[in-house]
Structures are given as structure tokens and as C-alpha cells.
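Trainee: no sequence on this one, just coordinates:
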Ligand SMILES: [Zn+2]
């Protein structure tokens, strides 16, 4: 079949036959034929629009060798490779990364179910996510511990789905006032010891979301930031001064901007800045937005972009159990959630309950509805996530030497190719 593809480049009859097949068929046939010849060593993506960190190459090629990016070409080339993938004008993009993802396909990370976690990884990879942090919720300590042990087990197994990079601990150290869809029964005060208890010596926690105004937050943040863990402000009623001080203690990111946080605090006639304004103003802080088109309108994303620029803004799903499932009633760590019209809400309508978005949807919204440049929106959905967990040397963009987690999508951001394995 490789000859057929190469023949296609010289316009043989086989090539014409090949062209009439749907793109996904071509990928599948190509994979099957090449899998029978043994493991891939080199793979060439050609004839596509290559999305780099700072620009798009209109008709370029990318050569992968042993799973790493070996070379990027600024034109369509025809060199020998074990597998040749004709992108046929599609975008050749780095796979998306999501450091805030709870579930999908009817499963939640908190289920502590190995098969369920693999299904979450498989569902999200279908939509272009090639790596993510399995994100926990506020729950009893033993339940969080069991979820983390399960993630550790799956991470170290052979499975077919997006790569799990570790844990994002979202909770239980949050403000009662801004708890959102976190179960109030299990809120707790932060301490290094509490996080050690969750970690259980596994060393897979890469991000912690907590409220900085809580007693013990600065000490806990300092202890874990010094290990390279990203510390994010979340579900918080902190004022501007507290956020500014928290940066000195290791906080460096804001979880789902404008959702579950203080902004424009006005106890009387006088306005005070809260977490959201601090996020916009302080360059030391990166911010993430749930860009599903439901949590906030395009103009809020445009405002955030104007303040933070393309390097300090991240698109996240915050996806939960009902993602890629029929609408209806679901459970979120003991709370009832109703999904209607693409929105997950607590049944008492007091809060959003994460989202049912996938990464391709975020990119579509940022590019089509918010008007962001495509390569910048891709950076917000991949490289910037890698950066906040110190993995940007390895993943997040198409660059020589990085892992070749390459995906292909069309102009409407429909993903038609993802890597076959983690
Ligand atoms: Zn979340």
C-alpha cells in the first residue's frame, strides 16, 4: 500500500482510486497494511498545513522517527518512510493536551475503575486529545486515594488512548462560598501532609487547584511548587492582595477563569478587585478558560486574550462523565447533575458542573467564534498546558526532537486522524 501512496504522488491509476476513498478509510487501510509489516520506525505526514508554535506552513511535511519529530519540511516531499500519510490539505497539528479533565463516556476518574479510565482516554483521543491530567474532585480521602492509585496503575499499563500524564488534584481545599459543583461535605483545609496523604508516595500529582485564602494554603503551595507541581487558584473568594501574595508562595495559574471565583467584589459602593481581575492583571499568572461556548461568550475570551496574550491563556474542557453521552441525569461525586443543551448543571441550578466538551470543540470555538489565529488557539490547547506542568520540552508542539503526537483535522476542526497508540 505504501507503493500505492507513493504511486499516487506520481499520479498513477492506483493513486486515482486511492483518492476517491474517504480520508478515514485511507488512514485505516494504511495502518492495517503497515501494522502487518511490524512496528513503525518512520512515518511521513505530507501535503498538509503544518501548525507550528508561531505560524502555519501552508503545504508542508513532517517526518517522524521512533515516535519523535525528526524533521519539518516547508514543502510537500516524497522521501522513503515506513508509513506515508497524505494529509490531503488537512491541518497537521500537535495533539491537544488537557490538564483539567475529569471524565467522559459515562466514566469519571473518581470511579477508580481501570477500564473506565481507559475509556475516558480513548473517547478524548478520538477528539484530538493526546495527553491529559486525570482530574479528581472533592471527596472522602480514601476515595481520592483509590482514584489516584487507579490512575497510577493505568498510566503504567499498556492501553490504547490518550496518554495520562498524572493527576490534577482539584479539591478538596476550596472556599465554601465558591464551591461550585464540589461536594461541600468533604471540603478541607490544605497542608503538605494532606497532599502527601493523597499522593501515597506515587509522585504523580502534577497540578493542585486550591483556594489561597484558606489557612495553610501558602505552606502547602510552597511545599508542592518546589517539587515542580503547578499550583492553581480555584473555587476561591480571595481578594486581589491575597492573590498577589499567593504568587510569592508558588501559585502560578488560575483554574477556569470567572467560574467559581471572586470578581469585582463590592461590599458597599466601593469596588475591589478579586481573583479574576488579579488573573487578568498579574503577568506571573497563567489562566485557563472552559472554552465550550457555554460557560462564557466570545467577548470574555477576547478580553482575557487582550490581557494575557497567546502564551498565558489555556483552553480546557473540564470534561465530566456525561461527555460523549446522551443528555440526561448523571452523578458528579455524589451530586446530581442534569445535562441539557450541551450544558452540565447541578439539578438545583446553582452551578455549572464541569462541561461535556472535548478539545476539538474548544479549538473550534476559539478559532471560529472568538476569532483567534488558529496557530495561537492550538498553542492554548496544547503547548501552554505542557508548559504549566513543565513538559514543554517533550510535548505540546511540532518541533524537532519532541514526541510526535500528531493529529490531523479539517477546516471545521473535525479530527480525522489521531496516533493509534499512546
Ligand atoms: Zn474541574
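Mentor: Sure thing, it's come through. Here the structure is a predicted model, which is why all the values come from computation and not from measurement.

Trainee: Name the surrounding residues that touch stretch 362-382.
Mentor: 51-56, 91, 93-98, 128, 291-293, 298, 301-302, 305, 310-311, 313-317, 359, 395-397, 412-413 (Cβ atoms under 8 Å, 6 or more residues apart in numbering). The C-beta positions use only the backbone N, C-alpha and C, and glycine is treated the same way.

Trainee: how far out from the middle of the chain is it?
Mentor: Centroid separation between stretch 362-382 and its chain, computed with Cα atoms, centre = their mean, to the nearest Å, is 13 Å.

Trainee: for that stretch, what is the average pLDDT?
Mentor: In this model, stretch 362-382 has a mean pLDDT of 98.

Trainee: Quick check: end-to-end length of that stretch?
Mentor: 11 Å (Cα to Cα, to the nearest Å).

Trainee: Repeat that for stretch 327-339.
Mentor: Using Cα to Cα, the two ends of stretch 327-339 sit 5 Å apart.

Trainee: now swap in stretch 127-143 and tell me
Mentor: 29 Å.

Trainee: how about the residues of the stretch 151-300 of the chain that lie near the ion?
Mentor: The stretch 151-300 of the chain has residues residue 170 near the ion, with proximity defined as Cβ under 5 Å from the ion.

Trainee: For the stretch 151-300 of the chain, give the residue positioned nearest to the ion.
Mentor: residue 170 (4.8 Å; Cβ to the ion).

Trainee: go on, the chain?
Mentor: The minimum distance from the chain to the ion, using Cβ to the ion, falls at residue 318 (4.3 Å).

Trainee: give me every residue that touches that residue.
Mentor: 100, 101, 102, 135, 256, 290, 354, 355, 357.

Trainee: same thing but at 6 Å, please
Mentor: Going by Cβ atoms under 6 Å, 6 or more residues apart in numbering, residue 318 touches 100, 256, 290, 354, 355.

Trainee: and if you look at residue 392?
Mentor: Counting by Cβ under 6 Å, 6+ apart, the residues that residue 392 touches are residue 386.

Trainee: Does it lie in a helix or a strand, and which?
Mentor: Under the criterion DSSP states H and E, no helix or strand holds residue 392.

Trainee: same thing with residue 84?
Mentor: Here residue 84 is assigned to strand 83-86, by DSSP H and E.

Trainee: and the next element down the chain from that strand?
Mentor: Downstream of strand 83-86 (by DSSP H and E), the next one is strand 91-94.

Trainee: which other residues reach that following strand?
Mentor: Contacts of strand 91-94 (Cβ under 6 Å, 6+ apart): 45, 48, 49, 50, 51, 62, 378, 382, 397, 398, 407, 409.

Trainee: again with stretch 183-198
Mentor: 138-140, 144, 172-174, 210, 214-217, 220, 223-224, 333-335.

Trainee: The same query, at a cut-off of 7 Å, please.
Mentor: 138-141, 144-145, 148, 169, 172-174, 176, 179, 205, 208, 210, 214-217, 219-220, 223-224, 333-335 (Cβ atoms under 7 Å, 6 or more residues apart in numbering).

Trainee: And the next helix or strand past whichever strand or helix holds residue 232?
Mentor: In this assignment (DSSP H and E), residue 232 forms part of strand 230-233. Next helix or strand after strand 230-233 toward the C-terminus (DSSP H and E): helix 240-248.

Trainee: Buried ones in that following helix, by neighbour count?
Mentor: For helix 240-248, the neighbour count (16 or more other Cβ atoms under 10 Å) marks 240, 242, 243, 244, 246, 247 as buried.

Trainee: Please apply the same query to stretch 263-279.
Mentor: 265, 273, 274, 275, 276, 277, 278, 279.

Trainee: Just the buried ones from the contacts of stretch 362-382?
Mentor: The neighbour-count test (16+ other Cβ under 10 Å) marks 51-53, 56, 91, 93-98, 128, 291-293, 298, 301, 305, 310, 313-317, 359, 395-397, 413 as buried among those.

Trainee: For residue 417, what are phi and psi?
Mentor: Residue 417 adopts backbone torsions of phi -150, psi 130, taken as degrees, to the nearest 10.
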